[in-house]
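Undergrad: mind folding the following:
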Amino acid sequence: MCYQLSSIFHLGGCVTMALFNEVITLPLNRRKRTYLKKLAVFTTIWLVIALYTGRGGLIHVRNDGPRHIHVGVGPSHSDEAEGHSGASSGAWESRLKGPLEADDPRVVQFLRDRHLQAPGSRPYNLDAYQNRLRYESMDSWRFLHKAILELFKDSPPGFFIEAGALDGQYLSNTLHLEKEYGWTGLLIEPNPSSYNELLKKNRHCWSSNTCFALTPYPKEMVLEMVDTREQAATSQAMWVIRGGSFLQEGARTAQKYQAKTHLSTYAVVQCFPFLTYWKALNLTRVSRPLSLDVEGAEEQILNTIPWDAVDIRTLILEHYGSSKEPDEIFVDSVEQRGYSLYDYNIDKDFIGDYIFVKKEST
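TA: Numbering: from 1, shown residues only. Now for the predicted structure:
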């Protein structure tokens with residue numbers, strides 16, 4: 001595909017003369033200097049094009065395939081005499097910043113190849129957490145642990161997904177299922193330092209240093225990483241505070257308060273929709289459970305899940321409310337997706353842990 005450039009030369013000459021005529025009528029001041037700069041730049045560009053196209057007066061455009069377009073100056077392609085502009089074979093990856101379809105085969109393969117760590121087989125390397133708050137004594141963890149045992153202790157090993165996995169052990173909703181009952185699953189933790197600690201635990205499940213997207217397409221997002229200040233009195237609660245890290249687009253009042261109270265740093269993280277993980281792991285059913293501890297982003301994530309295309313039997317959701325009573329609007333929004341509230345626990349800071357089970361199909 002080629003285009004003749006003779007008209008461009010005529011147009012270029014007209015523009016150059018117009019600029020020149022304008023310049024000579026002006027006094028030597030800032031405005032005249034600006035016009036002179038424009039005249040010099042335009043004339044240079046025009047002359048370069050004229051010199052290159054003098055060999056044939058053509059600009060050619062060539063389609064080298066679905067992922068590469070070649071543009072060159074001159075009647076035909078020559079690596080020695082022209083510049084090139086085109087999209088490389090990997091240019092689609094830039095669209096991972098958003099938007100690109102969640103089930104696009106390239107996105108699914110990219111997640112599978114670049115962002116999924118396969119289950120390990122080495123012995124567990126769990127932490128005794130000396131000089132740390134004992135999470136086993138926390139009301140929220142005890143409530144969830146008891147409910148999880150009630151729901152799953154007699155079930156065959158299944159597949160879990162836990163988002164907001166921290167270091168893979170502290171406050172984990174899934175470690176007991178994996179270690180004692182032979183389950184496997186996927187741990188998602190976007191905080192790089194927390195994820196590095198997670199890898200050291202040798203969990204026998206998949207893991208990913210990414211995050212659930214708040215959109216139905218993959219997107220890069222800013223993670224505000226909350227941590228203790230050096231030698232602060234709160235250092236005993238390091239993992240509790242780190243668990244408050246949040247995606248800025250999903251932040252609510254409680255998260256913004258945490259950021260002001262503690263030390264914050266930032267990272268740009270790659271996020272994928274729920275469906276992309278589902279496809280990358282070739283799942284047919286997450287029997288129990290999907291656990292979301294995502295600091296205010298749970299509703300946005302739930303809105304991205306194609307409920308008619310996946311089968312999730314149990315939801316464990318952390319949700320910030322405004323009182324010790326259940327958030328009825330939140331509960332109704334989940335129940336409308338075909339779930340029943342199984343149990344809940346709300347602490348003194350109005351942070352609620354909700355467990356939903358899928359209604360039996362009739």
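Undergrad: use CA for all of it now, contacts and neighbours both
TA: Noted.
Undergrad: the stretch 101-250 of the chain: helices as residue ranges?
TA: 105-114, 139-152, 175-181, 192-200, 238-242 (DSSP state H, counting those that start in this stretch).
Undergrad: can you say which of these is nearest to I346?
TA: When these are compared by CA to CA, helix 139-152 sits nearest I346, at 8.0 Å.
Undergrad: so what touches that closest one?
TA: Residues from elsewhere that reach helix 139-152 (CA atoms under 8 Å, 6 or more residues apart in numbering): 135-136, 171, 173, 288, 345-347, 353.
Undergrad: which one of the residues you listed is nearest F159?
TA: R288 (6.4 Å).
Undergrad: check what pLDDT that closest one gets.
TA: Per-residue confidence (pLDDT) for R288: 69.
Undergrad: and Y3, by the same measure?
TA: 37.
Undergrad: and the one 3 residues further on, by the same measure?
TA: With respect to pLDDT, S6 has a value of 42.
Undergrad: which stretches of the chain form strands?
TA: 2-4, 58-63, 69-73, 159-163, 184-188, 206-208, 211-212, 219-227, 246-247, 263-272, 290-292, 314-320, 339-346, 351-358 (DSSP state E).
Undergrad: what pairs with the fourth one, parallel or antiparallel?
TA: The reference is to strand 159-163. Sheet pairing of strand 159-163 (DSSP bridges) gives strand 184-188 (parallel), strand 290-292 (parallel).
Undergrad: most tightly surrounded among the helices of the stretch 101-250 of the chain?
TA: Each of the helices of the stretch 101-250 of the chain was scored by mean neighbour count; the highest is helix 238-242, a mean of 20, by mean count of other CA atoms under 10 Å.
Undergrad: what mean pLDDT does that helix get?
TA: 67.
Undergrad: same check, this time on stretch 340-347
TA: pLDDT averaged over stretch 340-347 gives 95.
Undergrad: got the contact list for that stretch?
TA: 139-140, 143, 324-326, 331, 335, 352-359.
Undergrad: got the CA positions of it in CSV?
TA: Output of stretch 340-347 as CSV, limited to C-alpha atoms (Å, rounded to 0.1, in the frame of the first residue of the first chain):
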residue,chain,number,x,y,z
SER,A,340,-27.2,-17.9,52.2
LEU,A,341,-25.5,-16.4,55.2
TYR,A,342,-24.1,-19.2,57.3
ASP,A,343,-22.5,-17.3,60.2
TYR,A,344,-20.8,-14.0,60.9
ASN,A,345,-18.6,-12.3,63.6
ILE,A,346,-18.1,-8.6,64.0
ASP,A,347,-15.3,-7.2,66.2
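Undergrad: residue contacts, A267?
TA: Per CA under 8 Å, 6+ apart, neighbours of A267: 191, 222-225.
Undergrad: who is it paired with across the strands?
TA: L223.
Undergrad: how is this structure divided into domains?
TA: With domains defined by automatic domain parsing, the chain comprises 2-89, 95-358.
Undergrad: pick out the shakiest of those domains, pLDDT-wise.
TA: Across these, domain 2-89 gives the lowest mean pLDDT, at a mean of 51.
Undergrad: for stretch 316-324, measure first residue to last.
TA: 18 Å (CA to CA, to the nearest Å).
Undergrad: sorry, slip of the keys, the one I care about is stretch 298-311.
TA: Stretch 298-311 end-to-end distance (CA to CA) = 18 Å.
Undergrad: for it, buried residues please.
TA: 298-302, 304-305 (16 or more other CA atoms under 10 Å).
Undergrad: dump the residues you listed to CSV, plus distance to T210.
TA: Putting those into CSV (distance: CA to CA, whole Å) gives the following:
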residue, distance to T210
E298, 16
E299, 18
Q300, 16
I301, 14
L302, 17
T304, 16
I305, 17
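Undergrad: and those residues, which of them are in helices?
TA: 298-302, 304 (DSSP state H).
Undergrad: this completes my enquiry, with thanks.
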